[in-house]
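[1] Okay, structure incoming, though there's no sequence with it:
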């Protein structure tokens, strides 16, 4: 028995997830990033996380071949950033406020949390590349998360 793409998407849409923007540095050291919903913790010791990067994404190569990436976990008032970094716009950082972390990576201002990671593995995963990173730096804020459910944004009560 095989599950078709629509059935698979409908089932996964019932899983409530946080929303992240994954960032790194591109050509000429310019900041690049994209919205990623496939993000998870892997291990506490050592501290590992994974992010799945769509192979069709214009910035895929920067993540698949890079040495560092940052995960910005978005706060409930940052839906506009999720939409911006999910767009086809090549200069997603234009007008976006960010600081540089200890690794020099762009960290979005106002994010609920961030994790700066050193790439330790990259695995093929169907139409995505699974990037595993060891967390080298973190930061957190006290606010509520932006959530994604059934193809739309939600906020926690």
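    Yep, it's here. Fair warning: this is a prediction, and the values are worked out from it, not measured in the lab.
[2] For the rest of this, base every contact and every neighbour count on C-alpha atoms.
    Will do.
[3] Can you pull out the low-pLDDT segments for this protein?
    Applying pLDDT under 70 to the chain picks out no residues at all.
[4] Could I get the full set of strands for it?
    Using DSSP state E, the strands found in the chain span residues 17-18, 20-25, 31-36, 39-43, 48-54, 68-73, 98-100, 106-108, 113-125, 128-140, 146-149, 152-155.
[5] What residues sit buried inside the fourth one?
    Burial within strand 39-43, assessed by neighbour count using 16 or more other C-alpha atoms under 10 Å, is assigned to residue 39.
[6] helices or strands up against that strand?
    Of the remaining helices and strands, those touching strand 39-43 by 3 or more C-alpha pairs under 8 Å, 6 or more residues apart in numbering; DSSP states H and E are strand 48-54.
[7] Residue 74 and residue 109 touch, don't they?
    No: counting by C-alpha atoms under 8 Å, residue 74 does not reach residue 109; the two are 9.6 Å apart.
[8] Could you check which of these two is surrounded by more residues?
    Higher neighbour count among residue 74 and residue 109: residue 74, with 27 against 16, using other C-alpha atoms under 10 Å.
[9] which residue packs closest to the more buried one, ignoring adjacent ones?
    Taking C-alpha to C-alpha, 6 or more residues apart in numbering, and ignoring the residues beside it in sequence, residue 74 has residue 111 as its nearest neighbour in space, at 4.8 Å.
[10] Now for the one you found: which residues touch it?
    Neighbouring residues of residue 111 by C-alpha atoms under 8 Å, 6 or more residues apart in numbering: 72-75, 78, 140-141.
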